[in-house]
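Structure for the following, please:
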Amino acid sequence: MTDELRRLLRETARAHQPDRARMLARVERGTARPGAAPRPRDHGRARALTWPKLVLATLATAGTLTVSALTVVAVVHTPDPPRSPTAAAPSDAGRTAPPAVGSRTEDGPLWADGSVDPHSNAYWAQSNVTLKAGESLTALVVELRIALTEGVKDTGSWRTRPAADFDLSTREEGGFLVYRWTLKPGRTVPAGEHVFAGQYDHAVGGRDAKDDTYRIDAGAGAGAAEGGAAVWGGFA
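Now for the predicted structure:
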């Protein structure tokens with residue numbers, strides 16, 4: 001292939017609008033001998049191009065189409081720019097996870113369990129502390145701590161024992177809504193199963209109780225409840 005033909009092919013490939021007739025004419029001019037008189041055209045000769053010229057014309061047309069196709073692909077399928085690191089999801093690095101709640105659900109005559117009442121709904125919940133006493137208790141403190149997640153607000157409390165037997169306090173403390181029932185002096189809690197419950201509103205949707213806790217201190221004789229058995233746990 002001569003330098004002139006290479007030049008002609010490169011020029012043809014750069015053309016944006018392929019014109020097959022024009023390219024055939026240019027190829028013929030490039031292959032003609034210097035000084036030779038041009039031969040008359042006829043339809044039969046146009047249909048019967050020699051194979052070298054036909055190949056060159058085909059290559060020229062294909063080259064032009066390829067360049068045009070690559071140009072379109074480059075415009076339409078330009079890759080998206082790389083994401084900025086600041087656009088990534090926030091990392092958990094530096095966030096402090098809530099401390100794990102170690103559980104002790106049985107001690108001496110006491111057994112306890114924490115659970116979210118099945119009648120809770122998307123707006124309101126009740127957390128139950130169930131206590132089983134193996135003997136009569138003369139001192140008892142039950143504390144329920146509800147994490148102040150979005151929308152948490154006290155709406156009341158109850159217990160299966162008589163209200164007159166306990167002093168009840170409800171307050172917010174250290175990021176928790178705290179319910180505390182303290183058995184009054186001279187009162188007793190008989191052996192058996194007893195329930196203490198806190199009720200509260202919360203933000204619409206399911207509420208995660210993984211940070212809620214309870215603790216029970218009890219005694220079967222004279223003196224403070226702290227000197228007897230103790231159980232505690234969570235609601236996860």
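
quick one, strands of the protein?
Secondary structure of the chain (DSSP state E): strands located at 106-107, 110-116, 124-133, 139-147, 153-159, 166-173, 176-183, 192-201, 213-219, 229-234.

Show me what the shortest one is packed up against.
With contacts defined as 3 or more C-beta pairs under 8 Å, 6 or more residues apart in numbering; DSSP states H and E, the secondary structure elements packing on strand 106-107 are strand 229-234. Placement of C-beta: from N, CA and C, glycine included.

cool, the last one as well?
Applying 3+ C-beta pairs under 8 Å, 6+ apart, one finds that strand 229-234 contacts strand 106-107, strand 110-116, strand 213-219.

okay, those, which one's buried deepest?
A comparison of those by mean neighbour count, using mean count of other C-beta atoms under 10 Å, puts strand 213-219 on top with a mean of 23.

That one vs strand 176-183, what angle?
Strand 213-219 runs at 20 degrees relative to strand 176-183, counting by axes from the mean of the first three to the mean of the last three C-alpha atoms, to 10 degrees.

give me the number of residues near the closest residue to Arg215 other than its chain neighbours?
Setting aside the residues directly before and after it, Arg215 is nearest to Trp232 in space (C-beta to C-beta, 6 or more residues apart in numbering), at 4.1 Å. Taking other C-beta atoms under 10 Å as the neighbour definition, Trp232 ends up with a count of 18.

that older thread, tabulate the strands of the chain (JSON lines), appending distance to Arg10 and mean pLDDT.
JSON lines is the format used below for those (distance: least, C-beta to C-beta, whole Å; pLDDT from 0 to 100):
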{"stretch": "strand 106-107", "distance to Arg10": "90", "mean pLDDT": "96"}
{"stretch": "strand 110-116", "distance to Arg10": "78", "mean pLDDT": "97"}
{"stretch": "strand 124-133", "distance to Arg10": "78", "mean pLDDT": "98"}
{"stretch": "strand 139-147", "distance to Arg10": "75", "mean pLDDT": "98"}
{"stretch": "strand 153-159", "distance to Arg10": "79", "mean pLDDT": "97"}
{"stretch": "strand 166-173", "distance to Arg10": "81", "mean pLDDT": "98"}
{"stretch": "strand 176-183", "distance to Arg10": "79", "mean pLDDT": "98"}
{"stretch": "strand 192-201", "distance to Arg10": "78", "mean pLDDT": "98"}
{"stretch": "strand 213-219", "distance to Arg10": "80", "mean pLDDT": "97"}
{"stretch": "strand 229-234", "distance to Arg10": "78", "mean pLDDT": "97"}
